[in-house]
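**Student:** pasting the sequence and the predicted coordinates here, then a few questions.
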Amino acid sequence: MKLFDSHLHLTDTSFAEDLPDVLKRASQVGVKGLVTIASNPDDAERAIDLSRVETRVWCSAGLHPHEAEAFDEGVLARIEQLAAAPEVVAVGETGLDFFYDNSPREPQLRSFEAQLDLAARLDLPAVVHSREADAETAALIKRFRDTAGGVLHCFTGGDGLLEVALDSGWHVSFSGLVTFKKFDAPDRVRRVPDDRLLIETDSPYLAPVPKRGRRNEPAYVAHTCAAVAAIRGVTPEAIAELTTANAAAFYGLVL
C-alpha cells in the first residue's frame, strides 16, 4: 500500500532523538512521501535542511497563525526567499485560529492575506489552518479564489466553509481526528470529491486510535487512511492510492 502524509512537523523537538527510526517505520507501512510543514521562517530553514537529506521529504515555508503577532514585511520577504528553495512545495502553515487566539486577530488576518497573495505570486498552494474562524477563512478563500489554491488541513470546520473551499477548487485534508469516538462529521468526509481528498497525521499531534496518548508519527497515517476508507465505504488500499496521487498532484511532485 502506497501512502502519503500530506501534513506533519518533523522538525518538532519530539523527533530530535529518533527521527531516522520514525522515518524507517513510516517506510515500513508504505509511506512514500511526506511534507513537513513550517511554523515560522526559522522552522522553514530546518525543514529545508531536512528535505535536502531525506529524499521522501518535502516542506513548506510560512508563518503559523499562532505566531502571527511577529508578522511584518521583513518576515514576509524572508518567507518568499525561503520559498525559492526547490524543496519548498507550499506556503504556510498560515490561516486563522480564533480558538486559542495566541496572536491578536488583526495580525492573523494580515498574515493570512499576505501569505495567500504570496502563494498566488509564486504559484504555490497554501496550507491553511482554520479553527473557530470559518467565516473569515471563507471570505479570504473567496477573495483569492481565482489566484490562489490551497488545502484546509486537519479539517474541523462547518458545512459553509467546506462548501466555499470545494467551490473554490481547494483540497481538504483529514487527520487522526476521524478515528476518535467523538468525531461527529462523517458526512463532511464523504462530501469531499475524490480528486480533492488528502490525509495527514499532523505529527507529533493528534495521534489516532489506537495510538492515542502517544506521540503521533507518520506511520500512523495508515490508521487515518483506514478510518476515511470506512467512512467513504471503500477499501484502505483505494484511499491510499487516491490520496497519494492527490498529494503528488497538489504539491507538484513526482513520486
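**Tutor:** On my side now, so go ahead. It should be emphasised that the depicted structure is a prediction, and the values quoted were computed from it without experimental measurement. Residues are numbered from 1 along each chain as shown.

**Student:** now do the lengthiest helix in the chain, average pLDDT.
**Tutor:** Under DSSP state H, the helix in the chain containing the largest number of residues is helix 105-122. Within the predicted structure, the mean pLDDT of helix 105-122 is 98.

**Student:** list the buried residues for it?
**Tutor:** The neighbour-count check on helix 105-122 (16 or more other C-beta atoms under 10 Å) flags 107-109, 111-112, 114-120, 122 as buried. From N, CA and C alone the C-beta is placed, and that goes for glycine too.

**Student:** show me which of those residues is closest to M1.
**Tutor:** Minimum separation from M1 among the buried residues of helix 105-122 (C-beta to C-beta) is found for A119, which lies at 31.2 Å.

**Student:** now do the contacts for that closest one.
**Tutor:** A119 is in contact with 90-92, 125-126, 148-150, counting by C-beta atoms under 8 Å, 6 or more residues apart in numbering.

**Student:** looking at it, L34 is touching W58, isn't it?
**Tutor:** Yes. Taking contacts as C-beta atoms under 8 Å, L34 lies within contact range of W58: 7.4 Å.

**Student:** between those two, which is the more surrounded one?
**Tutor:** More neighbours surround L34 than the other of L34 and W58, with 28 against 23 (other C-beta atoms under 10 Å).

**Student:** doesn't the more buried one fall inside a strand?
**Tutor:** Yes. The assignment for L34, made by DSSP: H, G, I helix; E, B strand; the rest coil, places it in a strand.

**Student:** which residues touch it?
**Tutor:** Shown in contact with L34 (C-beta under 8 Å, 6+ apart): 4-5, 8, 10, 26, 56-58, 218.

**Student:** show me which of those residues is closest to F174.
**Tutor:** Proximity to F174 was ranked across the contacts of L34 by C-beta to C-beta; first place goes to D5, at 12.1 Å.

**Student:** format the buried residues of helix 105-122 as JSON lines; extra columns: distance to D18.
**Tutor:** Supplementary listing: these in JSON lines, determined by distance: C-beta to C-beta, whole Å:
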{"residue": "P107", "distance to D18": "36"}
{"residue": "Q108", "distance to D18": "34"}
{"residue": "L109", "distance to D18": "38"}
{"residue": "S111", "distance to D18": "33"}
{"residue": "F112", "distance to D18": "34"}
{"residue": "A114", "distance to D18": "36"}
{"residue": "Q115", "distance to D18": "32"}
{"residue": "L116", "distance to D18": "36"}
{"residue": "D117", "distance to D18": "39"}
{"residue": "L118", "distance to D18": "34"}
{"residue": "A119", "distance to D18": "33"}
{"residue": "A120", "distance to D18": "38"}
{"residue": "L122", "distance to D18": "34"}
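
**Student:** buried stuff in the helix or strand containing D49?
**Tutor:** Using DSSP states H and E, the element containing D49 is helix 41-53. By neighbour count on 16+ other C-beta under 10 Å, the buried set for helix 41-53 is 41, 43-45, 47-48, 50-51.

**Student:** name the nearest of those residues relative to A84.
**Tutor:** Checking the buried residues of helix 41-53 against A84 with C-beta to C-beta, the nearest one is I48 at 10.2 Å.

**Student:** distance of the closest one relative to H64?
**Tutor:** To H64, I48 is 17 Å away according to C-beta to C-beta, to the nearest Å.

**Student:** the strands in the stretch 51-200 of the chain, which residues?
**Tutor:** Counting by DSSP state E, counting those that start in this stretch, the segments of the stretch 51-200 of the chain that form strands are 57-61, 88-97, 126-131, 150-152, 171-174, 197-199.
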